[in-house]
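**Q** No sequence on hand, only this structure:
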């Protein structure tokens, strides 16, 4: 209650996400991608210097951490989290938890430059049939630490008419069963289950309130 009703989603006692109720004036329901930062105030200053925006200036979430909501140059919201008792998510990549994030943007070079300036994120291209996919990793982490990607809006017909935004992917045990569960519970399918070679079986969904997300049954590792 001291943090406005902010709470955490957990999987077997491990934190996998956060959640809070918002007023209509705060925008439509959505998932927000948070990046860990050692200093929330410094993150805000860096975003402002890179011509981003500030939606919510740093605030304490009880003793769990300190958060701020920013926007990049294209107006895409994202969060920064300065750890307190909660460092961030406790698990990633397991069924039911976050496994990938993807920025859909109209200007990929500008987005890459912004997130490098503000968060130190690095990008590199991975060839695939028909083009190159731009992946994202922490500074100095290299290819093995990639956790997301950036995609031109125009390159994906399912997103071409959307405003730029970050899309979260959750790992699932069965993509088709998850789609059925989502529809039964009032969600909608934005992109039906699709197999991506060497990546996995993906679907894009929305919850009953319109918050967009994706699910994937990842392909077995080739290593």
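**A** Sure, I can see it. Because the structure is a prediction, the values reported are computed rather than measured.
**Q** can you tell me which helix in the chain is longest?
**A** helix 108-119 (DSSP state H).
**Q** Now do that one: everything it contacts.
**A** Contact partners of helix 108-119, identified using Cβ atoms under 8 Å, 6 or more residues apart in numbering, comprise 35, 37, 43, 46-47, 49-52, 70, 72-74, 76, 80, 103, 105, 121-123, 134, 136, 150-152, 164. Heads up, the C-betas are built off the backbone N, CA and C, glycines and all.
**Q** How about that helix, which residues are buried there?
**A** 108, 111-112, 114-115, 118-119 (16 or more other Cβ atoms under 10 Å).
**Q** any idea where the strands of this protein begin and end?
**A** Assigned by DSSP state E, the chain shows strands spanning 7-11, 14-19, 34-36, 53-61, 65-71, 77-83, 98-105, 122-128, 131-137, 148-152, 165-171, 188-196, 200-206, 212-218.
**Q** same for the second one, what does it pack against?
**A** The one in question is strand 14-19. With contacts taken as 3 or more Cβ pairs under 8 Å, 6 or more residues apart in numbering; DSSP states H and E, strand 14-19 sits against strand 7-11.
**Q** And for the shortest one?
**A** With contacts defined as 3+ Cβ pairs under 8 Å, 6+ apart, strand 34-36 has these neighbours: strand 77-83.
**Q** The strand it packs on packs against which elements?
**A** Other helices and strands packing on strand 77-83, by 3+ Cβ pairs under 8 Å, 6+ apart, are strand 34-36, helix 40-49, strand 65-71, strand 165-171.
**Q** Kindly point out the strands partnered with it and how each is oriented relative to it.
**A** With DSSP bridges as the test, strand 77-83 is paired with strand 34-36 (parallel), strand 65-71 (antiparallel).
**Q** ok, the closest residue to residue 96 other than its chain neighbours to residue 94 distance?
**A** Nearest residue to residue 96 in three dimensions, chain neighbours excluded: residue 11, at 4.8 Å (Cβ to Cβ, 6 or more residues apart in numbering). To residue 94, residue 11 is 7 Å away according to Cβ to Cβ, to the nearest Å.
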